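Peer 1: Sequence and predicted structure, then a few things I'm wondering about:
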Amino acid sequence: MKVSAILLAAGIGARLKSKISKPLIVIAGKPLVLYSLLALERKRQISEIIVVVNSRNKAGILALIKRHRINKVRAVVYGGALRQDSVRNGLAKVNPRNGLVLIHDSGRPFISQGILEKLIRKAGKTKAAVLAVPVKATIKSAAKKLIVDKTLKRQLLWEIQTPQVFAYPLIRRAFNKFGRSLVTDDSALVEKTGAKVHIVEGSYGNIKVTTPEDILIAECIAKNRKAYGM
């Protein structure tokens, strides 16, 4: 089954407090977005990549695509005000004949071929699959005045990651019907349709670079990827 990949690289990365657009920040000698571009390019089931950019980083990302011969890039489009707006813009360029759509944040540079394989295979069987890792910390919910309401059962909690993979008709329907809802990932829109979303256990090394300390962690992971099975 052929897969269309949407790579989100339109965020400005405000929490990084960097003058450089987040996807172009260099981690261990390589721009952040390039890690994902190379991983998606190598995956045989992926037939096309749609890259979602912003006006600040478009030229830089286009240069990387050309320099590193990322031949599967079919379109480069601008993102929107919200994450789901960016995904919607990417979906508009997807080949509807492809069975699956993979959505990934460029802020997560360390996706392995093995994880991609497991995720795509699961989505091919179930129509909706997301990467996640078991939560390590104790999680509590709190009321308005920071008074603990209750302690959540850690064994039931999963930290959701990307990529997330969905059957094309399912993700289109989710966006058409619920695309204006305020959500933090695409799975939440699919869940609103009543479809079952399956979890594929990912890697703790698949971190999201969001704040300055994440850059230090990413540098360490990049230099020790074998330890994380990457």
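Peer 2: Arrived safely, thanks for sending.
Peer 1: would you put the C-alpha positions of the lengthiest strand in the chain in PDB?
Peer 2: Secondary structure of the chain per DSSP state E: the longest strand is strand 158-167. Output in PDB follows, covering the C-alpha atoms of strand 158-167 (Å, rounded to 0.1, in the frame of the first residue of the first chain):
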ATOM      1  CA  TRP A 158       0.700   6.900  27.000                       C
ATOM      2  CA  GLU A 159       2.700   9.900  25.700                       C
ATOM      3  CA  ILE A 160       1.600  10.300  22.000                       C
ATOM      4  CA  GLN A 161       4.200  11.000  19.400                       C
ATOM      5  CA  THR A 162       4.400  11.300  15.600                       C
ATOM      6  CA  PRO A 163       4.400  10.000  13.000                       C
ATOM      7  CA  GLN A 164       0.700   9.100  12.900                       C
ATOM      8  CA  VAL A 165      -0.700   7.100  10.000                       C
ATOM      9  CA  PHE A 166      -4.300   7.000   8.800                       C
ATOM     10  CA  ALA A 167      -6.300   5.600   5.800                       C
END
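Peer 1: Can you give the contact residues for the very next helix or strand once past that strand?
Peer 2: Next along the chain after strand 158-167, taking DSSP states H and E as the criterion, comes helix 168-178. By C-beta atoms under 8 Å, 6 or more residues apart in numbering, the list of residues contacting helix 168-178 from outside reads 4, 84, 87-88, 91, 94, 96, 98-101, 103, 127-128, 166, 186, 189-190, 192-193, 195. Just so you know, the C-beta spots here come from the backbone N, C-alpha and C atoms, and that holds for glycine as well.
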